[in-house]
Every structure is written in structure tokens, then in C-alpha cells.
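# Sharing a model prediction with you, sequence too.
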Amino acid sequence: NRVDVTLALRKQADGLNLQSSLLHIHSDDMRSATQFALLFPADATQPPFMQLQSTLRDIDAEKKSRYLPAGIIPPNLLKWLDEGILSGRLARGDIVVHGPLGKNWMPYRRVLLGFTVHDAALRFLPDWTEPVRNLDADVIVDRGAVYGEAVRGDYFQQTLQGAQVTVPPVPPGQQHMLHVQTQTRGRAETGFDILQTTPLAGMVGEIIQDMDVQGDMAVDFDLAVPLDKGERKTAVDVDVQLQQARFDLHSQKLHVSDLNSNVHFDLEHGLSVPQLAGKSFSGPIAGSLNTKKVRQGGQAIQLDLHGKADVAALQDWLKLSVLAPLSGALDYQVELNVPTGEAKKHLHGYLNVTSQLKGTAVELPAPFGKPATTAREFRVWQSINREPSLFSVRYDDLFELSLQRRKGALQKGVLMLGAGKALLPDSNIFRVEGQLDTLDLAQWQPVLEQIRTASKNYQENIDSSRMSLLDDSRVQIGNLILSERNLGLIQIELARLQND
């Protein structure tokens, strides 16, 4: 390591002037050439005045702390540069200082830094642990402001299409803000980590951890973060474009393929997908996703979908034995609501699936059966993240089933035959009520066997022991047929006797 310089000290009328020749530094870390002049005024009330110009070459970025001009640039900016640049080579750096020295004279001092980095790693902030890697960039620091532009780099294994980092100038004492704007392209398998593993994850909500995305992705990312205390807060704006992607919502076993959509996130409106289109349940699907604020606090994610599905694929998703007699195709609507954050203390999520069953054949005895050409209203509703859980099925004006389960086991329920509402009983029983025009037990035997087989395949854990809950039931049957014999109008009342 070697320093070559000649210094000249001259006494002038206005003070002492220290002037250097071209100062050469040769070290393992870098090479530099610097020239400066420093005036010490005769007036002791005036600060020293510096003029400096320095050119640096081939600096190891890990050792940049040794060469950043501490005391000349603002401390918070110095700290950000020191902590943000993790590694790489500074191919060239230029420093120009012109003005009085001293903390109180900073507004009157011009400091200009310009440097070019190669193969660098830049971390925006300490809690943004994943840095931009393989970064080639040009950076200018002028009077406490930073202007940086990336030429090349990777972020979450996404290729940078463009990136700008700025810290705009502010008056002394005002709050400095770091602005990061990036545009990337790559695979969604890694790029979606921007929403899942950065501090954005806590802002989006825990539902983001339930999502998985594969496919081609382009990201526009805009971040504003305060570098010191003040009134201004963090602002985030993220736009993700997905093409021919696959989306999975693991907890609901919901899969969408060939997905083309734009995903948006900001702190004001949360996560949103204004329009999405793809394939699911062996048919086309479209819809939207929005985040709604909850009055008591927190947010709720609302997913609204509509499409055309193959009944068999829908059965594989819902895994409901009562759907076993259905076949064909159907149009449907799905409404999924998932509270996040503080909203989970006040609300429970739900899944609501509705259909007119147009194109669906229902292989059931009259009056429940229907050909594929006719329509009937059908609805399946179930709670999410609720204990005990709630579940209901509505089939036109023919029946409604409501169940309550605790730890997966049936706790209470009601089957309403006809147009009435199936309201859960107060006690832990299963009730059957309402009226039925015709009941031919011989016709129902194969249907029940089909449902029983489906229940076993879906592991619904429903067996004959559940009949022990049957109680307080009243059913009127217009025509009860036993062994091809019509018994006419029958009214059945059932009440379980209490043990002495």
C-alpha cells in the first residue's frame, strides 16, 4: 500500500491555504487520484472551506465503509449506503466537494458522488433481506439526494428490465424517503416471493402464504420507505402480470390453470385482481379478487368466480357425497371470503357455491330428479376457520340441510323437506321435518348405496351411529310406498325417550 502526494501550505491574507498535488493511493482495495485545497479562514467565525476532486477505481464494495465521505454527506444517507451495498466492485467512483466544512454548514456545501458498480448486491433496507443481485448500476449522490439506475440485475431470480433508486433532496430536519421502482420479468415460482417473503407479506395478510403461482410473470414494483422518523409512512404499489400461469389456493384445494390476469397490491386497497380468466374444474373460469376493509379492524379477501364445470371435477373439489347422483356439466358461481389480520377476531370466512344446474342431470327419485335440460337452484355453503364449523345444502324448494360439526364430528343438524328454512336446533340433535309428496323406499335404496360409497371414498366420517342424534322430528308424506304398496298419506313423528 502506498500514498504519493505533495502538500503545500501557504499563508494568505484571508487565511491559511493547504493545497495538494495529485494524490495517488495504491492499495489492495482500490486505486485513486485525488486533488484538494483547504482554506482555513483568518476569521475564526468562518468554517474551513474545501475544494476536492477524487477519482477512485476498482474498489471492493465490501470495504466501502473506509471510503465513504463521513461527515460530508448526511448521516442517514451514509448509513443507508453503508448497509445497503453488500458486495461487488465499484468500477469507478468520482467525488466532488465544494463548500464550508462542519455540521452546521451542510446546506451550503456541495457534495457530488458518482459511481458505477458491477456484480453488486444491493439491499434496500435491513428487513428486506433479499438483495438485488448481479447488479450493474450507475449512482449519483448530490447534496444528500440519491439517483441510481440499474443497467442489469436479478431480484428474486427475476431479470431486471429497469430499476431506479432515489432519495429526493429535502430541507434540513425534514424526513428523507427512499423510493425504489423496479420492473422485472421471470418465473412466478420465484417472483411471487416478493409478496410472500418480504415485509409486504405482513401487509398483504396471511392468505398470501396459502397461495402458490407458477408460470410467466412480469412485476412493476414501487416502494417508498422513510429513512428517519416523521409523518410520512411506507407506501407500496405492486403490479404483477401473469400469463399462462397456474394458481393454487392450498387450504381450499382450489386450482386455476391457463391463468391470465393482473394482480395489484397497495396499502390503501390491499390485494386485488380486477379480472382473472383461466381454467378450473375442467372448464373455463373468470372472476375477480378484492380486499375489503372491515369496520372493526383488519381486512377480508373476497374471491368471486363464475364458470362452467364438469360435475365430476366439482365433486372432486367439494368431496360431498350428496353430489354423487349428479352428472354432466353446470354453470356455477363461487364466493370465497377469508378475513385476515384483526378481522379474524370478528368474522369467520365462508365458501358459497351456487348453480342453476342447467346441463346437469340429477339421478334421484321424484320429485328430486331432473333431466339436464331443466334448471333448478342449488347452493352449497360452508364456514372457513370456524369452530364449530357450519355447513348447508339447498336444492331449490325441495330440501335444505344444515349441519354443525365440532372437531370434524357431527354435533347437530336439521333436514328440512320442502321450501322451509333449515334452522339448527338448540340442543345437540339431528331433526327431520317438513313434507314430501311421495316416498318410494325401493327407488331410494340404490341412491343411498351410491351416496354411502361416495361418503366412504371422501372420508366424510358419517356412519350409522350418527342416527343416535335423530330426535324431535315431524315429516308428512303424501304417498308412502313400501314393497310396491301405497300406504297413502302418512305423518311420522319421532321423539327419543329419556332413560330413567
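Okay, I see it. Residues are numbered from 1 along each chain as shown.

# can we go C-alpha only for contacts and neighbour counts from here?
Fine.

# who touches the most centrally placed residue in the chain in this structure?
Closest residue to the average C-alpha location of the chain: residue 208 at 3.5 Å, with CA atoms, centre = their mean. Residues in contact with residue 208 (CA atoms under 8 Å, 6 or more residues apart in numbering) are 195-196, 201.

# Of those - the most surrounded one?
residue 196 (21 neighbours; other CA atoms under 10 Å).

# What pLDDT is listed against that one?
pLDDT, residue 196: 88.

# Equivalent analysis for the one 3 residues further on, please.
We note a pLDDT of 85 for residue 199 in this prediction.

# State the phi and psi torsions of the nearest residue to residue 360 once chain neighbours are set aside.
Excluding its sequence neighbours, the residue lying closest to residue 360 (CA to CA, 6 or more residues apart in numbering) is residue 372, at 4.4 Å. Dihedral pair for residue 372: phi -70, psi -20, per degrees, to the nearest 10.

# Please, where are all the strands along the stretch 1-150 of the chain?
2-4, 7-12, 15-20, 23-26, 31-41, 49-60, 85-100, 110-122, 132-142, 145-155 (DSSP state E, counting those that start in this stretch).

# I should have written the stretch 351-500 of the chain there, sorry.
360-362, 378-384, 389-395, 399-406, 409-417, 430-440, 473-482, 485-486, 490-494.

# How about the stretch 201-350 of the chain?
211-226, 235-249, 254-266, 270-280, 283-293, 299-310, 326-340, 349-355.

# Turn those into a markdown table, columns for distance to residue 428.
Below are the strands of the stretch 201-350 of the chain laid out as a markdown table (distance: least, CA to CA, whole Å):
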| stretch | distance to residue 428 |
| --- | --- |
| strand 211-226 | 37 |
| strand 235-249 | 33 |
| strand 254-266 | 32 |
| strand 270-280 | 38 |
| strand 283-293 | 35 |
| strand 299-310 | 31 |
| strand 326-340 | 28 |
| strand 349-355 | 23 |
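
# Can you redo those as TSV, where the extra columns are mean neighbour count?
As requested, those are exported to TSV (neighbours: other CA atoms under 10 Å):
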stretch	mean neighbour count
strand 211-226	19
strand 235-249	19
strand 254-266	19
strand 270-280	19
strand 283-293	19
strand 299-310	20
strand 326-340	20
strand 349-355	19
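
# picking that back up, pipe the strands of the stretch 1-150 of the chain into CSV and attach distance to residue 303 and mean pLDDT per row.
Shown next, in CSV, are the strands of the stretch 1-150 of the chain (distance: least, CA to CA, whole Å; pLDDT from 0 to 100):
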stretch, distance to residue 303, mean pLDDT
strand 2-4, 67, 79
strand 7-12, 72, 91
strand 15-20, 69, 92
strand 23-26, 63, 82
strand 31-41, 59, 91
strand 49-60, 50, 89
strand 85-100, 41, 89
strand 110-122, 36, 89
strand 132-142, 33, 91
strand 145-155, 29, 90
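
# could those go into CSV alongside distance to residue 269 and mean neighbour count?
Putting the strands of the stretch 1-150 of the chain into CSV (distance: least, CA to CA, whole Å; neighbours: other CA atoms under 10 Å) gives the following:
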stretch, distance to residue 269, mean neighbour count
strand 2-4, 58, 10
strand 7-12, 62, 12
strand 15-20, 58, 17
strand 23-26, 54, 16
strand 31-41, 50, 19
strand 49-60, 43, 19
strand 85-100, 33, 20
strand 110-122, 29, 21
strand 132-142, 27, 21
strand 145-155, 25, 19
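
# quick one: low-confidence parts of the chain?
1, 69, 71-74, 460-467, 499-500 (pLDDT under 70).

# beta partners of residue 432?
With DSSP bridges as the criterion, residue 432 is bridged to residue 415.

# how near is it to residue 47?
The gap separating residue 432 from residue 47 is 94 Å, by CA to CA, to the nearest Å.

# the more surrounded of these two?
Each of residue 432 and residue 47 has its neighbours counted (other CA under 10 Å); residue 432 has more, 20 against 17.

# Residue 492 is in contact with that one, correct?
No. Between residue 432 and residue 492 there is no contact under CA atoms under 8 Å: 10.0 Å.

# And the contacts of stretch 489-500?
470-480.

# how does it look with 6 Å?
If you take CA atoms under 6 Å, 6 or more residues apart in numbering as the criterion, stretch 489-500 is touched by 471-479.

# again with stretch 27-44
With CA under 6 Å, 6+ apart, stretch 27-44 has contacts from 1, 14-25, 48-60.

# Now with 8 Å, please.
1-2, 13-26, 47-60, 63.

# Off-centre distance for stretch 250-262?
13 Å (CA atoms, centre = their mean, to the nearest Å).

# cool, stretch 132-148 as well?
29 Å.

# ok, and what's touching that stretch?
Here stretch 132-148 has contacts from 73-74, 77, 107, 109-123, 149-156, 164-170, using CA under 8 Å, 6+ apart.

# ditto for stretch 309-316
So stretch 309-316 is contacted by 280-284, 323-324, 326-332, 360 (CA under 8 Å, 6+ apart).

# try stretch 6-16
Taking CA under 8 Å, 6+ apart as the rule, stretch 6-16 contacts 17-23, 39-43.

# Please produce JSON lines containing those residues, extended by distance to residue 129.
Output for these, formatted as JSON lines (distance: CA to CA, whole Å):
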{"residue": "17", "distance to residue 129": "47"}
{"residue": "18", "distance to residue 129": "45"}
{"residue": "19", "distance to residue 129": "44"}
{"residue": "20", "distance to residue 129": "43"}
{"residue": "21", "distance to residue 129": "43"}
{"residue": "22", "distance to residue 129": "41"}
{"residue": "23", "distance to residue 129": "38"}
{"residue": "39", "distance to residue 129": "44"}
{"residue": "40", "distance to residue 129": "45"}
{"residue": "41", "distance to residue 129": "47"}
{"residue": "42", "distance to residue 129": "51"}
{"residue": "43", "distance to residue 129": "50"}
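
# And the residues you listed, which is closest to residue 446?
Distance to residue 446 across the contacts of stretch 6-16 (CA to CA) is lowest for residue 23, with 97.7 Å.

# sorry, back to before: the residue nearest to residue 360 touches residue 328, doesn't it?
Yes. Shown here, residue 372 and residue 328 form a contact pair, counting by CA under 8 Å, at 7.4 Å.

# who's in contact with the residue nearest to residue 360?
Applying CA under 8 Å, 6+ apart, the residues contacting residue 372 are 328, 357-362.

# which among the residues you listed end up buried?
Neighbour-count burial within those applies to 357-362; the criterion is 16 or more other CA atoms under 10 Å.

# any chance of those residues in a markdown table, plus distance to residue 292?
Below are the buried ones among the contacts of residue 372 laid out as a markdown table (distance: CA to CA, whole Å):
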| residue | distance to residue 292 |
| --- | --- |
| 357 | 30 |
| 358 | 32 |
| 359 | 34 |
| 360 | 34 |
| 361 | 37 |
| 362 | 37 |
